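Asks: Turn this into a model:
(3 chains)
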Amino acid sequence: MEIFFQQLVNSLSVASVTILIGMGITLIFGLAGIVNFAHGEFLMVGGMATWFLVSAGINFFIAVLGAMILVGFLGFVAERGLFRFTLERPMNGFIMSIGLSVILQHVVIRLFNEVQKTIPDPIGQVWVVHGVDIIVMRAIVIAITAIVVAITYFCISRSRYGLALTASIADPDTAALMGIPVRRYVTGVFIYGSVLAGLGGALMIALFPITPFTGSVVIIRGFAVSLIGGLGNVGGAVVGGLLLGLVDGLSAGYGFPEWTDAYSLVLMIAILIVRPQGLLGGTLGPKAS
Amino acid sequence: MPALEVIGLQKEFGGVTALAGVDISIETGKIAGIVGPNGSGKTTLFNVVAGVYKPTGGRVLWHGKDITGKPTYEINRRGLARTFQQAMSFSGLSVRENVQISYEHGRSHSATSQRKINWSSPDEILSFVGLDRVANELAGSMPFGNLRLLGLALALSTNPSLLLLDEPAAGLSENESEVLTNLILRLAEMEIGVCLIDHDMFFMGALCERLIVLNFGTKIAEGPPSIVLNDPSVVEVYLGIEK
Amino acid sequence: MILAFLIAFPLLNLGYRFLSLAITTGVTAIALYGLGIQFGQAGIMSVGHAAFVGIGAYTAAIVAGMFGIGFWLAIPLSIVMSALCAGMVGLPSLRVGGQHYIIITFCFCALLQIILTNGGTFTGAATGLDVGSIDHLFGINFDQLRNIYYLVTLVLIICLVTTYLIINSPYGRTLRAIRENEMLARAIGINIGLHKIGVFMVSGAFAGMAGILQAYYLRHISPILYGPFPSLYLALMIMLGGSRLIYGPLIGAVIVSFLPEIMRLDPIDSRIAYGIGLLIVVLLLPGGVSAGLLDIYRRLRPRSLK
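Replies: Okay, the predicted model is just below:
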């Protein structure tokens, strides 16, 4: 029982990072209509920024804020400078994002190096609850993710802003006629999704080491989560993240750990073929060009 | 036996009935028109006949053979061609290449027995519709009127024996409309059947030998224009909707 | 002129480094010609093309290891195997379009890498497989790098000519029709599904040929060569070079392989440069560098005629 509980906290903290990246992708893909292949690199940049700030002696939580602001700004620049011009031709946006991911990866290698980066556990404490050891940092990661999910869910499905957003994805022309600033919303969603990636990266490096190539591993999981959950569906991303975490846990626990990544890939291919809008329902994302 | 026979055709879109059991028969060499207000099911009828949608009920017969639910390309190869309301083209290619693609497919696939014309080259088709002078232009850069003609040329080059034209005159100037009318009349002389959709009663009345009126997915009248246009139920549907 | 240059290239004696670079470029270009037809003509992008190069390479290595089938006999096997796999991966494209399908190609590619890595002794796992040398043919010894260069060049020329013939044939026009407007293509009697699967198989066949050449040139293959990263770079190259014009894929391969060498960039800087190049191409030169060059050429030509 103790081991189960410890495992649960560990798995949940890993799933938290997956949920954060999946949520960013689901919002940007499903609501802004942009497939950003560099989203994984955004996360990696967030992690690297946190590492850099913490190594410079700055408090971890301030570093997290710094990483979120930096990646948010990165998202702003990418949207205004690049994706804005390909909204009509999403395929070109996709191809550009591949270029962007290559650039970010190698700029980070150029600035630092290829070696993996770690930071010491920012809290460094262990709670003992009824004989169960819980690493405090992991619990904090779970809590932060829960709060962010709640805020995002409220903003998307309950606020006026979220409704207008949903309307502008359903029918951009009509939404524009009704006075909804569709383009500004696209920018807003893109920045918000990027900030989530920054947060995800910052929390990730508190748990595991990060290399400049982490992004390309994470992006596949992010796409899997967003497609399982349904594009644009925040609750779905949470379910998707938990499901993926469960699958990972099971495959690691019962046999074939070397096939772990294959499960999410196969699941994703199947979902894309059978239900391109995602398992739990969502938008179809950008119109196929 | 009529070339195209539609029997009890039904089509629903998620509970909305677009076609509620329509019976129509159309012969080659004649000009038939399907009229009706917007949303009466005209385009849906074409799309079901051309294999874009599968019907919820009913059958489509082509020279007596059941072609219900066959794929679009297969239906075209049997000699039933259609144009689109949106005046589609392969916009990134030249006008000549557009027609050439269609011509090559028409030559290799269309049923020889029912072939009415034997185009000798893509250029012959282009000069038939009057696009020979703009053959080297990019299709997407042409004005709307020419795009309509190109759409007609694309359908024609597949050697059809029956052409379904979806609002061919929509958006055309009076001049362009007249050019089109003459083309349609020439097709009828060449034994190619034409069936067109429009909501403009006057344009249709002048051109068609037979009119079929649809409203809310059902046929409400059929016959020569002079009779149909004076039919009380038709007048009622159209009163206040069209001129 | 280009042909003369290609033949004379080894005679310039630029050294081993340049000759092997030229071979790599040639092999890459052969694979790119497949992607060029698929993306440039039929308009279907893939970020999983390296997977089919890998299937070609592994087919050759496996039949050599298990049945002792040499290079020449393995060529058709590699080509057919890659084409079949590409056709199967193409099946979802009948249902799913646009970016969704691109993500599928990426997943398949990542999946193949995992399968190859976990394939045990059959695929040599993460270390990969060793490949023998190319058997002598007509007394030509392919242990010499120069002769491998000529072999690759010959295949490249065949691919170029094949691409040229496809582009200018009714088949090429059919593919362009599908690229431009699927609905209209169907309406004029084109069997879209058949042609889509067909073009994936053509594309896979080119990749398979590139794969077997690469296997016998490197003499050792491993899963990392055929994963998502190489696939992304292939997509990047085809975009840089331009996919619709006949020299586009070749130019793309040359830019990516040779430019860093000539400009003396290290691999990291050159990758940043490709990324930036790709952004510039997508935003400003949608037809790729080859179309840009053609455009400049056309603008300059009337003036020089005056």
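Asks: what ranges do the helices span in chain C?
Replies: For chain C, helices defined by DSSP state H occupy the ranges C:2-8, C:16-35, C:49-67, C:71-90, C:98-117, C:120-123, C:145-167, C:170-180, C:182-187, C:192-218, C:228-241, C:248-263, C:267-284, C:288-305.
Asks: Check whether the longest one comes near chain A.
Replies: Think helix C:192-218. No - applying Cβ under 8 Å from any Cβ of the partner chain, one finds helix C:192-218 separated from chain A by no less than 13.7 Å. For the C-beta atoms, the positions are set from N, CA and C on the backbone; glycine is no exception.
Asks: Same check on the third one?
Replies: No - using Cβ under 8 Å from any Cβ, helix C:49-67 stays clear of chain A, coming no nearer than 12.2 Å.
Asks: try the shortest one
Replies: No - against chain A, helix C:120-123 shows no contacts by Cβ under 8 Å from any Cβ, the least distance being 10.7 Å.
Asks: which of the residues in that helix are buried?
Replies: Within helix C:120-123, the residues scored as buried using 16 or more other Cβ atoms under 10 Å in any protein chain shown are residue C:123.
Asks: Spell out which residues of the stretch 1-150 of chain C are next to chain A.
Replies: Taking Cβ under 8 Å from any Cβ as the test, the list of the stretch 1-150 of chain C residues beside chain A reads C:45, C:47, C:92, C:95-104, C:106-108, C:110-111, C:114-115, C:117-118.
Asks: Buried among those? Make that a ChimeraX selection.
Replies: Under the burial definition 16+ other Cβ under 10 Å, those of the residues of the stretch 1-150 of chain C next to chain A that qualify are selected in ChimeraX by:
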select /C:45,47,92,96,97,98,99,100,101,102,103,104,106,107,108,110,111,114,117,118
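Asks: Give me the subset of the residues of the stretch 1-150 of chain C next to chain A that also touch chain B.
Replies: Applying Cβ under 8 Å from any Cβ, the subset of the residues of the stretch 1-150 of chain C next to chain A adjacent to chain B is empty.
Asks: what about the closest residue to chain A within chain B, distance to residue A:194?
Replies: The shortest separation between chain B and chain A is 12.5 Å, found at residue B:92 (distances taken as Cβ to the nearest Cβ). Noted for residue B:92: a distance of 34 Å to residue A:194, by Cβ to Cβ, to the nearest Å.
Asks: how about the helices of chain B, start to end?
Replies: Applying DSSP H to chain B gives helices spanning B:42-49, B:72-77, B:95-109, B:122-129, B:144-156, B:174-189, B:201-207, B:225-228, B:232-238.
Asks: Least confident of these, on average?
Replies: Mean pLDDT is lowest for helix B:232-238 out of these, coming in at a mean of 76.
Asks: Name the surrounding residues that touch that one.
Replies: B:36-37, B:201, B:213, B:215, B:220-221, B:228-229 (Cβ atoms under 8 Å, 6 or more residues apart in numbering or on different chains).
Asks: Out of these, which is nearest to residue A:79?
Replies: When the contacts of helix B:232-238 are compared for distance to residue A:79 (Cβ to Cβ), residue B:37 comes out closest, at 44.2 Å.
Asks: Now that closest one: phi and psi?
Replies: With angles defined as degrees, to the nearest 10, residue B:37 shows backbone torsions of phi -70, psi 170.
Asks: residues from chain B in reach of chain C?
Replies: With Cβ under 8 Å from any Cβ as the criterion, chain B comes near chain C at residues B:50, B:52, B:71-74, B:76-77, B:81-82, B:84, B:88-93, B:97, B:100-102, B:104-106, B:109-110, B:154-155, B:157-158.
Asks: Residue numbers of the stretch 51-200 of chain A in contact with chain C?
Replies: By Cβ under 8 Å from any Cβ, the part of the stretch 51-200 of chain A that sits against chain C consists of A:82, A:85-86, A:90-92, A:94-96, A:98-103, A:105-107, A:109-110.
Asks: Mind doing that once more with 6 Å?
Replies: A:85, A:92, A:94-96, A:98-99, A:102-103, A:106, A:109-110 (Cβ under 6 Å from any Cβ of the partner chain).
Asks: ok, those vs chain B, which is closest?
Replies: Comparing those against chain B with Cβ to the nearest Cβ picks out residue A:92 as the nearest, at 14.4 Å.
Asks: how about that closest one, what does it touch?
Replies: Listed by Cβ atoms under 6 Å, 6 or more residues apart in numbering or on different chains, the contact set of residue A:92 reads A:86, C:282.
Asks: quick one: what helix or strand has it in it?
Replies: Following DSSP states H and E, the helix or strand that holds residue A:92 is helix A:90-111.
Asks: pLDDT on that helix, on average?
Replies: When the per-residue pLDDT values of helix A:90-111 are averaged, the result is 87.
Asks: sorry, back to before: from the residues of the stretch 51-200 of chain A next to chain C, which two are the most distant?
Replies: Across these, the longest distance by Cβ to Cβ is 27.6 Å; it joins A:85 and A:109.
Asks: When the two are compared, which one has more neighbours?
Replies: The residue with more neighbours, out of residue A:85 and residue A:109 and counting by other Cβ atoms under 10 Å in any protein chain shown, is residue A:109; that gives 18 against 15.
Asks: Which residue comes closest to that one once chain neighbours are left out?
Replies: For residue A:109, ignoring the flanking residues on the chain, the nearest one in space by Cβ to Cβ, 6 or more residues apart in numbering or on different chains is residue A:212 at 4.9 Å.
Asks: Likewise for residue C:294?
Replies: Distances taken as Cβ to Cβ, 6+ apart place residue C:245 nearest to residue C:294, at 6.4 Å, with adjacent residues excluded.
Asks: For that neighbour, what are phi and psi?
Replies: Dihedral angles (degrees, to the nearest 10) for residue C:245: phi -100, psi 160.
Asks: Quick check, it in contact with residue C:292.
Replies: No - the pair formed by residue C:245 and residue C:292 falls short of the contact definition of Cβ atoms under 6 Å, at 10.2 Å.
Asks: what about those two, which has more around it?
Replies: Set side by side, residue C:245 and residue C:292 give different neighbour counts by other Cβ under 10 Å, the larger being at residue C:245 (20 against 16).
Asks: And the pLDDT at the more buried one?
Replies: According to the predicted model, the pLDDT of residue C:245 comes to 80.
Asks: want to try a markdown table for the helices of chain C, with mean pLDDT as columns?
Replies: What follows is the helices of chain C, written out as a markdown table (pLDDT from 0 to 100):
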| stretch | mean pLDDT |
| --- | --- |
| helix C:2-8 | 68 |
| helix C:16-35 | 86 |
| helix C:49-67 | 87 |
| helix C:71-90 | 86 |
| helix C:98-117 | 83 |
| helix C:120-123 | 71 |
| helix C:145-167 | 87 |
| helix C:170-180 | 89 |
| helix C:182-187 | 87 |
| helix C:192-218 | 90 |
| helix C:228-241 | 84 |
| helix C:248-263 | 80 |
| helix C:267-284 | 82 |
| helix C:288-305 | 68 |
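Asks: Out of the helices of chain B, the one nearest residue C:238 is which?
Replies: Ranking these by their distance to residue C:238 (criterion: Cβ to Cβ) puts helix B:95-109 first, at 22.6 Å.
Asks: Now residue A:143: which helix or strand?
Replies: Secondary structure here is read from DSSP H and E; on that basis residue A:143 sits in helix A:136-157.
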